[in-house]
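Q: missing the sequence, but the structure's below:
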């Protein structure tokens, strides 16, 4: 059937809803192919993740990062300028961070792992496989 192609403005979220962090896109969308006026995101699209906490466990001292990450495409056929497009649901590799739980005399590390996922493609028109 196909999935929606992710475009500039797609919603990127951590796959663990208890992780709180800042996700910043550092990669650029395609300059050639667009959907609804926004450029396609392509395999290898880069982000950085910073200010990572896990408040539900008390880990409120952030791991500042930044942790660089890039998305891997699950598309098999559709390319833009020779690179596979990213699809809704594509993810980064696992990110490992260590926010801390405030404690005396020193904070306690609280390791967390998560991925960043393209939750919403940012357009509703163009699909790919």
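A: Now that the structure is in, tell me what you want to look at. All of these numbers come straight from a predicted model, not from anything done at the bench. Numbers count the residues shown, from 1 in each chain.
Q: show me the contacts for residue 87.
A: 3-6, 73-75, 118, 121, 128 (CB atoms under 8 Å, 6 or more residues apart in numbering). Backbone N, C-alpha and C define where each C-beta goes, glycine included.
Q: let's go with 10 Å and repeat that
A: The neighbourhood of residue 87, defined by CB atoms under 10 Å, 6 or more residues apart in numbering, consists of 2-6, 41, 71, 73-75, 78, 118, 121, 127-129.
Q: pLDDT score assigned to residue 3?
A: Among the per-residue scores, residue 3 holds a pLDDT of 96.
Q: May I have the beta-bridge partners of it?
A: Beta-bridge partners recorded for residue 3 (DSSP bridges): residue 128.
Q: State the distance from it to residue 51.
A: Applying CB to CB, to the nearest Å, one obtains 30 Å for the distance of residue 3 from residue 51.
Q: Between those two, tell me which one has more neighbours.
A: For the pair residue 3 and residue 51, the greater number of neighbours falls to residue 3 (18 against 15), based on other CB atoms under 10 Å.
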